[in-house]
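**Student:** Attaching a predicted model along with its sequence, questions to come.
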Amino acid sequence: MELVDLKSSSEDLAEKLINLLKDGKKVFIQPHNIPDPDAISASFGVYELLTYFGIAAEIIYVNPIEKANSKQMIEMFDIPMTLRDEKDLIPEDCYLVLVDSQPGNANISCLGDDKIAVIDHHKDLDGGQFAFSDIRPNIGACATIIATYYCDLDVPFSMNVATALVYGIMNDTNNLTRLNNKLDLEMFYYLYDLANLNKIKNIKMNEIGRDDIQAYAKALANIEIYKNIGFVHIEDCNDSLLGTISDMVYTIEGVNIVVSYARRYDGVKLSIRSGLDYIYADQLVKFIIDEKGLGGGHNEMAGGFIPIENIDFIDYRELDTYVRYRAIAFLEKERAER
Ligand SMILES: [Mn+2]
């Protein structure tokens with residue numbers, strides 16, 4: 001794939017964001033639920049950027065952080081983040097900056113209903129008018145977008161923010177292989193010089209939590225591969241781990257489509273990967289879910305959820321059949337339409 005030379009076009013956007021937030025009251029920064037390293041680093045980057053301009057800010061998030069590397073980032077960089085109940089909306093006179101998500105996406109319980117600024121790299125859901133909007137689906141990591149703000153506004157990066165953003169970019173671009181533009185690379189190389197590589201090495205050495213080992217073992221035992229599609233059904237698996245397991249299956253020889261799913265007490269969680277340029281992961285997950293729930297994401301990776309009340313499957317076997325049937329039907333449909 002040829003990388004598009006996408007020069008930063010955010011110059012006035014960064015300025016616009018600061019000017020908007022400057023005259024408000026407090027600013028809340030919210031990443032998507034169960035924040036991953038990209039969402040955490042981007043939130044942290046926005047937090048320090050606002051602090052630089054003297055704007056009072058607080059990072060809030062919904063649903064506890066699950067993955068060992070995400071937890072370690074928060075500890076290592078001393079990131080002030082507060083877990084908040086999804087019903088506990090922010091006060092009316094405050095701004096909410098959504099990071100690595102947008103209203104209406106399956107991955108967020110938005111904690112505000114007015115005065116919303118959106119900074120995201122998921123597909124544009126056309127969710128209405130926001131006070132500020134910078135949605136760039138062709139960018140590999142939200143961390144990249146935040147890094148451009150610092151460059152455009154001439155704000156120095158602290159070593160912790162630079163390091164966190166480097167790791168965020170690595171994580172969301174699958175170590176710089178899930179890319180379709182040069183901006184991620186440009187920001188990566190720029191930040192690389194400013195980052196503490198020992199810290200990155202340390203986080204990378206702690207990506208799998210000890211509690212996760214059993215889930216990996218089960219996943220490896222349960223993989224079924226049909227030609228180029230890998231299916232994995234795991235029980236007792238948290239959301240982040242499901243994504244990591246998808247990434248692992250994605251590296252198996254000959255597999256270029258991954259459909260992982262976990263049945264939980266409240267429904268079925270899905271995680272998709274696609275390495276085929278005519279199969280979009282977000283479209284595939286939406287097709288599998290088929291109005292029964294919500295799904296979305298990017299061309300190459302996506303996720304979704306079917307709530308328990310919309311599931312009429314009786315046992316695991318039926319769920320397995322349903323997921324395989326929908327996935328294969330979508331692939332055949334897309335292949336026929338090529
Ligand atoms: Mn992201």
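**Tutor:** Structure's in. What do you need?
**Student:** Let me see the ranges of the helices in the protein.
**Tutor:** Secondary structure of the chain by DSSP state H: the helices cover 11-22, 37-52, 68-76, 142-153, 159-172, 183-192, 197-204, 213-222, 239-250, 281-289, 316-337.
**Student:** any idea how far the last one is from the chain center?
**Tutor:** Think helix 316-337. 25 Å (C-alpha atoms, centre = their mean, to the nearest Å).
**Student:** quick one: buried residues of that helix?
**Tutor:** Neighbour counts over helix 316-337 (16 or more other C-beta atoms under 10 Å) mark 319-320, 322-324, 326-328, 330-331, 334 as buried. In short, each C-beta sits where N, CA and C put it, glycine included.
**Student:** What is the nearest of the residues you listed to residue 79?
**Tutor:** residue 323 (36.2 Å; C-beta to C-beta).
**Student:** And the nearest residue to that closest one once chain neighbours are set aside, how far from residue 305?
**Tutor:** What sits nearest to residue 323 in space, not counting adjacent residues and going by C-beta to C-beta, 6 or more residues apart in numbering, is residue 261, at 5.7 Å. Relative to residue 305, residue 261 is positioned 10 Å away (C-beta to C-beta, to the nearest Å).
**Student:** Give me the more crowded residue out of those two.
**Tutor:** residue 261 (26 against 20; other C-beta atoms under 10 Å).
**Student:** follow-up on the earlier one: do you know which of the helices of the chain lies nearest the ion?
**Tutor:** The minimum distance between the ion and the helices of the chain falls on helix 37-52, with 3.6 Å, by C-beta to the ion.
**Student:** Output that closest one as PDB - backbone C-alpha positions only.
**Tutor:** Provided in PDB are the C-alpha atoms of helix 37-52 (Å, rounded to 0.1, in the frame of the first residue of the first chain):
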ATOM      1  CA  PRO A  37      -3.000   3.000  25.100                       C
ATOM      2  CA  ASP A  38      -3.900   5.200  22.100                       C
ATOM      3  CA  ALA A  39      -6.900   6.700  24.000                       C
ATOM      4  CA  ILE A  40      -4.900   7.100  27.200                       C
ATOM      5  CA  SER A  41      -2.000   8.800  25.500                       C
ATOM      6  CA  ALA A  42      -4.200  11.100  23.500                       C
ATOM      7  CA  SER A  43      -6.200  12.100  26.600                       C
ATOM      8  CA  PHE A  44      -2.900  12.700  28.500                       C
ATOM      9  CA  GLY A  45      -1.600  14.800  25.600                       C
ATOM     10  CA  VAL A  46      -4.700  16.900  25.600                       C
ATOM     11  CA  TYR A  47      -4.600  17.300  29.400                       C
ATOM     12  CA  GLU A  48      -1.000  18.700  29.400                       C
ATOM     13  CA  LEU A  49      -1.700  20.800  26.300                       C
ATOM     14  CA  LEU A  50      -4.700  22.500  28.100                       C
ATOM     15  CA  THR A  51      -2.600  22.800  31.300                       C
ATOM     16  CA  TYR A  52       0.100  24.600  29.300                       C
END
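**Student:** from memory the residue nearest to residue 323 sits against residue 319, does it?
**Tutor:** Yes. Checked against C-beta atoms under 8 Å, the pair residue 261 and residue 319 is within contact range at 7.5 Å.
**Student:** With that, I have no additional questions.
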